[in-house]
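J.: need a 3D model of the sequence below.
(4 chains)
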Number of protein chains: 2
Amino acid sequence: MKIDLLQIKIGNRIRELRESKGISQQNLAAICNFEKANLSRLEAGRTNPTISTLYKISEALEVTLSDLVNV
Amino acid sequence: MKIDLLQIKIGNRIRELRESKGISQQNLAAICNFEKANLSRLEAGRTNPTISTLYKISEALEVTLSDLVNV
DNA sequence: CACGAAGTTATCATATATGATAACCGCTTA
DNA sequence: TAAGCGGTTATCATATATGATAACTTCGTG
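T.: Below is the predicted model of the structure:
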């Protein structure tokens, strides 16, 4: 798979999980201690996130890292 | 979990999977198109890898990304 | 209309992951 | 002994992720 596509899939997965919990980007970002603009960037697949960033999100969403990257 | 510990766990997971396939760091690095020194660094948990790096490794090891980060 | 909430995009500085090279260790073996 | 393999560590340059701020749009609602 192309890396760009991977990033987009990961972003979509985050959005999917976030929306399934009914929380806003603003909210999730706050829980993770980063800015909503940065989360927007992540969900859009415009960066190649590090595992620590994904881990923080997985904790906030109460899913495993495995589940978060299950794309 | 502390991020440092996460990195170490990921590194150990890579090593575990690599050794279970009986291939060397040198070999795996070559398949992934990076230097053995860089893989050594990753397995030692001395960096916070990006999802694209982990993805390349998962492909080379013929496991899913989910499986690779299942720590 | 005015306001706020939610999200997007651009931009910048800074931290750090990555790619690459070289030197080194321990071990095996020809 | 010498050479090669597997692995580690240090170092450097470069690319890029992250943190932060600001401006903007759209939508809903008082």
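J.: only C-alpha atoms for contact and neighbour calcs from this point on.
T.: Fine.
J.: contacting residues around the closest residue to A:Ser24 other than its chain neighbours?
T.: Residue nearest to A:Ser24 in three dimensions, not counting chain neighbours: A:Arg18, with 7.4 Å by C-alpha to C-alpha, 6 or more residues apart in numbering or on different chains. Each residue near A:Arg18 by C-alpha atoms under 8 Å, 6 or more residues apart in numbering or on different chains is listed here: A:24-25, A:28, A:61.
J.: wait, a strand at A:Ile23?
T.: No - according to DSSP: H, G, I helix; E, B strand; the rest coil, the state of A:Ile23 is coil, so it is not within a strand.
J.: before we move on, back to that, now do the SS call for the residue nearest to A:Ser24.
T.: Remark: A:Arg18 carries the secondary structure label helix [criterion: three-state DSSP].
J.: what does the pLDDT read for it?
T.: For A:Arg18, the pLDDT comes out at 98.
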